[in-house]
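> Below: sequence and its predicted model.
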Amino acid sequence: MQTKAIAGGVIVLSLIVVGIIGPFVAPYDPNKQGLETMLRAPEWFGGTHFLGTDNLGRDILSRVVYGARVSLLIAFAVVFISGFIGVTLGAVSGYFGGKTDFAIQKLVEVVWAFPPLLLAITILAFLGQGLFNLILALVAQRWIQYCRVVRGQALSLRTRDFVTATRALGASDAVIIWRHIFPNLIQISLVIGTFAMASAIIAEASLSFLGLGVPPEIPTWGTMLADGRIYISTAWWLALFPGLCIFLTVLGINLLGDALRDLFDPRLKRAGTRV
Amino acid sequence: MTNYLIRRLVGTIPVLLFISLLVFLLIQAAPGDPTLMLLGEDTTAADIAEAKRRWGLDQPVYMQYLKFFTAAVTGDLGKSFRFAEPVSDVIAARLPATIELAIFSLFIATLFAIPLGIWAAAKPNSWVDNFGTTFGLFGISMPNFWLGIMLILLLAGTFHLLPSAGRSTYGIAGPQQTGFYLLDSILQRNWPALKDAFTHLVMPALALGTNMIGILMRVTRSAVLEVMNEEYVVTARAKGLAEQKVLWRHVLRNALIPVVTVVGLELGTLLSGSIIVETVFAWPGVGSLLITGLTARDYPLVTGLVLMYTIAFVTINLLIDALYGLIDPRIRY
């Protein structure tokens, strides 16, 4: 468990650092084009373009570094917004039950009926490209996971003695949910959030790969992969490095998620299982 | 059980209704005029008006939706702007390619993942277990489109072992009977066509199935491990039953329930994953058709495809529910 947590933590932390200090460490402007530097193979430590250049002469390393920033920003935004919506709706649904629960669960059912990514593709295709639309499209289905799990937890929490006692003392529903139900949902939400982040990064890259993500002037790993795919027979480095970044990032987040789940789920710990 | 399934089936009707409305409204919110896009910028106003009248785009939105809905119920999804054919025909022509790809991916995934998961769980903390869990983690973290590109680079570009795109080499496949190339070539005893279809299928299926291998392996492993700790398994061992018998007769059947659930859920993921993988491998299925439809703003085609995907997804989930009862007699609805 410890190895997993350390490996995942190191990968994710490095990525956050790269994302923050990216503009200061990137050797070139990610959008700087140059006819004379087109499609240069990686020059490693022996040249000016460590990971080579793309078909427009743009430095791959600089674009990968900036791409980290964009991917992380989108993933964090998606996780927080969908977490907020999902946990709130889940807690309300489970705590109040009855008609409120029925209405929220019907909404869950409708959104859940879309295969993963299809809803995002549909939203982006019709509303157009852009950062806001991309985040909206990714949030559209991701809040469901939080909502379903949190609802189950809230259903059990509302009958617990401490909630009954707080209610007997005259606390309002809002106070009970905010002060007594939410704190008990943090751990489980953290685990869901970690896996949601991994899936958001892959989904964002997939949508950018299809040309539905952010506008082309913003470098993302997905758009880099889409560009690289065309030159795969002549310039392998165009597709290799951004894809490797996506893979390593998602691997790191999944490792961290596994470790968190092992830590927070004593049932799994007892059974000795590492899912 | 039948009652439960009928209830579930009836319950899906409002969900599908709402989805059709949602998709229809999204289309209305889309920027750009499809008529201009299809007819070109130089078209006269009279031509545009005529096209709008022909496609029913001059009517109020609610009338357009009502017309669409009443027609859709009878299986008429309208005419594709791009292909000038009924949407249902366009989808039906491309559907076998996607189904073949999804089934083959599922086959590869279960073939690798379930034995690996069982093996890893049967020997916890051994090298097999470590290999299995690492492989599973790599599988779930792998972006399928990147894996697809890398497979093309290695197996098609560098080693020339497999074709990089398409479903078959021109002229090899015989006449289409079922639309499933593997099945058609077996029925026609056309072995070169079978080999050709198979070689075209391997890379996209691997790219599409790798995530599922990872997920399925992890779920199988944890389900088997959990059942291994149950008292009835301890009892089976205590009465002297051979380990193999304990595993096959007592553990696997009980561990299968979460595995079947995940297979069902992942089938839906395979469906949407195929949208991207088909684009990478120029696979002529409904996934790449959706992207074509979106680029051309072919509203009837896109609406038809989204409805088809959701209906397929909902049906698969329903079938999985029905399967539970068959696998585990304790489950009664």
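Received it, and whenever you're ready, just let me know what you need.
> for chain B, what are the low-confidence residue spans?
Applying pLDDT under 70 to chain B flags residues B:1, B:31-32, B:34, B:37-38, B:41, B:325, B:328-333.
> Would you tell me which helix is longest in it?
helix B:191-228 (DSSP state H).
> Quick check: buried residues in that helix?
B:193-194, B:196-197, B:200-228 (16 or more other Cβ atoms under 10 Å in any protein chain shown). All C-beta atoms are positioned from the backbone trio N, CA, C, and that covers glycine.
> before we move on, what about stretch A:171-186?
Neighbour-count burial for stretch A:171-186, counted by 16+ other Cβ under 10 Å, picks out A:Ala171, A:Ile176, A:Ile177, A:His180, A:Ile181, A:Phe182, A:Asn184, A:Leu185.
> What of stretch B:43-60?
Going by neighbour count (16+ other Cβ under 10 Å), the buried part of stretch B:43-60 is B:Ile48, B:Ala51, B:Trp55, B:Leu57.
> Then stretch A:120-135?
For stretch A:120-135, by 16+ other Cβ under 10 Å, it's A:Ala120, A:Ile121, A:Thr122, A:Ile123, A:Leu124, A:Ala125, A:Phe126, A:Leu127, A:Gln129, A:Asn133, A:Leu134, A:Ile135.
> From the residues you listed, which land in strands?
Using DSSP state E, no member of the buried residues of stretch A:120-135 falls in strands.
> out of those, which touch chain B?
Applying Cβ under 8 Å from any Cβ of the partner chain, the subset of these adjacent to chain B comprises A:Ile121, A:Thr122, A:Ile123, A:Ala125, A:Phe126, A:Leu127.
> could you redo the residues you listed as a markdown table and give each row pLDDT?
Listed next are those as a markdown table, based on pLDDT from 0 to 100:
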| residue | pLDDT |
| --- | --- |
| A:Ile121 | 89 |
| A:Thr122 | 85 |
| A:Ile123 | 87 |
| A:Ala125 | 80 |
| A:Phe126 | 78 |
| A:Leu127 | 82 |
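> now for those residues, which pair is the farthest apart?
Largest separation among these by Cβ to Cβ: A:Ile121 and A:Leu127, giving 11.2 Å.
> what's the overlap in contacts for the two?
Common neighbours of A:Ile121 and A:Leu127 are listed as A:Ala137 (criterion: Cβ atoms under 8 Å, 6 or more residues apart in numbering or on different chains).
> about what we covered before: format the CA atom coordinates belonging to whatever helix or strand comes next after the longest helix of chain B as PDB.
Later in the chain than helix B:191-228, the nearest helix or strand by DSSP states H and E is helix B:231-238. Output of helix B:231-238 as PDB, limited to C-alpha atoms (Å, rounded to 0.1, in the frame of the first residue of the first chain):
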ATOM      1  CA  GLU B 231     -17.200 -19.700   5.700                       C
ATOM      2  CA  TYR B 232     -18.600 -22.200   3.200                       C
ATOM      3  CA  VAL B 233     -15.300 -22.200   1.400                       C
ATOM      4  CA  VAL B 234     -13.400 -22.900   4.700                       C
ATOM      5  CA  THR B 235     -15.900 -25.700   5.300                       C
ATOM      6  CA  ALA B 236     -15.400 -27.100   1.800                       C
ATOM      7  CA  ARG B 237     -11.700 -27.200   2.400                       C
ATOM      8  CA  ALA B 238     -12.100 -28.600   5.900                       C
END
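> Could you list the low-confidence segments of chain A?
For chain A, the stretches flagged by pLDDT under 70 are A:1, A:265-275.
> Please compute how far the helix or strand containing A:Val70 lies from its chain's middle.
Using DSSP H and E, A:Val70 maps to helix A:60-96. Put simply, helix A:60-96 sits 5 Å off its chain's centre (Cα atoms, centre = their mean, to the nearest Å).
> helices or strands next to the helix or strand where B:Thr70 lies in the packing?
Taking DSSP H and E as the criterion, B:Thr70 maps to helix B:61-73. Applying 3 or more Cβ pairs under 8 Å, 6 or more residues apart in numbering or on different chains; DSSP states H and E, one finds that helix B:61-73 contacts helix B:2-29, helix B:299-327.
> Please identify the buried residues of it?
B:Gln64, B:Tyr65, B:Phe68, B:Ala72.
> try stretch A:102-109
Those would be A:Ile104, A:Gln105, A:Val108, A:Glu109, for stretch A:102-109 by 16+ other Cβ under 10 Å.
> just those now: which is nearest chain B?
Closest approach to chain B among these (Cβ to the nearest Cβ): A:Glu109, at 5.6 Å.
> Quick check: which element contains the closest one?
Using DSSP H and E, A:Glu109 falls in helix A:98-112.
> Now do whatever helix or strand A:Leu263 lives in against helix A:60-96, angle only.
Element membership for A:Leu263, per DSSP H and E: helix A:237-264. Angle of helix A:237-264 versus helix A:60-96, following axes from the mean of the first three to the mean of the last three Cα atoms, to 10 degrees, is 30 degrees.
> where's helix A:237-264 relative to the chain centroid, distance-wise?
With Cα atoms, centre = their mean, you get 11 Å for helix A:237-264.
> That helix vs helix B:191-228, what angle?
20 degrees.
> Name the residues of helix A:237-264 that are buried.
Under 16+ other Cβ under 10 Å, the buried positions of helix A:237-264 are A:237-243, A:245-247, A:249-262.
> Which strands and helices lie in contact with that helix?
Using 3+ Cβ pairs under 8 Å, 6+ apart: helix A:237-264 touches helix A:2-25, helix A:60-96, helix A:186-209, helix A:221-230, helix A:266-271, helix B:127-141, helix B:144-151.
> One more pass at 6 Å, please.
Contacts defined by 3 or more Cβ pairs under 6 Å, 6 or more residues apart in numbering or on different chains; DSSP states H and E place helix A:237-264 against helix A:2-25, helix A:60-96, helix A:186-209, helix A:221-230, helix B:127-141.
> count of neighbours near A:Leu169?
Neighbourhood size, A:Leu169 [other Cβ atoms under 10 Å in any protein chain shown]: 8.
> Any figure for the gap between it and chain B?
Distance from A:Leu169 to chain B, counting by Cβ to the nearest Cβ, to the nearest Å: 40 Å.
> Likewise for A:Leu61?
Here A:Leu61 is placed at a distance of 18 Å from chain B (Cβ to the nearest Cβ).
> Whatever residue of chain A ends up closest to chain B: what's it in contact with?
Residue of chain A nearest chain B, by Cβ to the nearest Cβ: A:Gly243 (3.3 Å). Applying Cβ atoms under 6 Å, 6 or more residues apart in numbering or on different chains to A:Gly243 gives the contacts A:Leu225, B:Trp146.
> Hmm, B:Glu266 and B:Ile316 touching each other?
No. Counting by Cβ atoms under 6 Å, B:Glu266 is not a contact partner of B:Ile316; they are 9.7 Å apart.
> With neighbour numbers in mind, choose between those two.
With other Cβ under 10 Å as the criterion, B:Ile316 and B:Glu266 differ in neighbour count, and B:Glu266 comes out ahead with 26 against 19.
> The more buried one reaches B:Thr210, doesn't it?
No. Look at B:Glu266 against B:Thr210 with Cβ under 6 Å: they stay out of range, at 11.6 Å.
> what's the nearest residue to A:Gly252 if we skip its chain neighbours?
In space, and not counting its chain neighbours, A:Gly252 is closest to A:Ile11: 2.7 Å by Cβ to Cβ, 6 or more residues apart in numbering or on different chains.
> scratch that, B:Asp129 is what I was asking about
Of all residues beyond its chain neighbours, the one nearest B:Asp129 is B:Ala120 (4.4 Å), with distances taken as Cβ to Cβ, 6+ apart.
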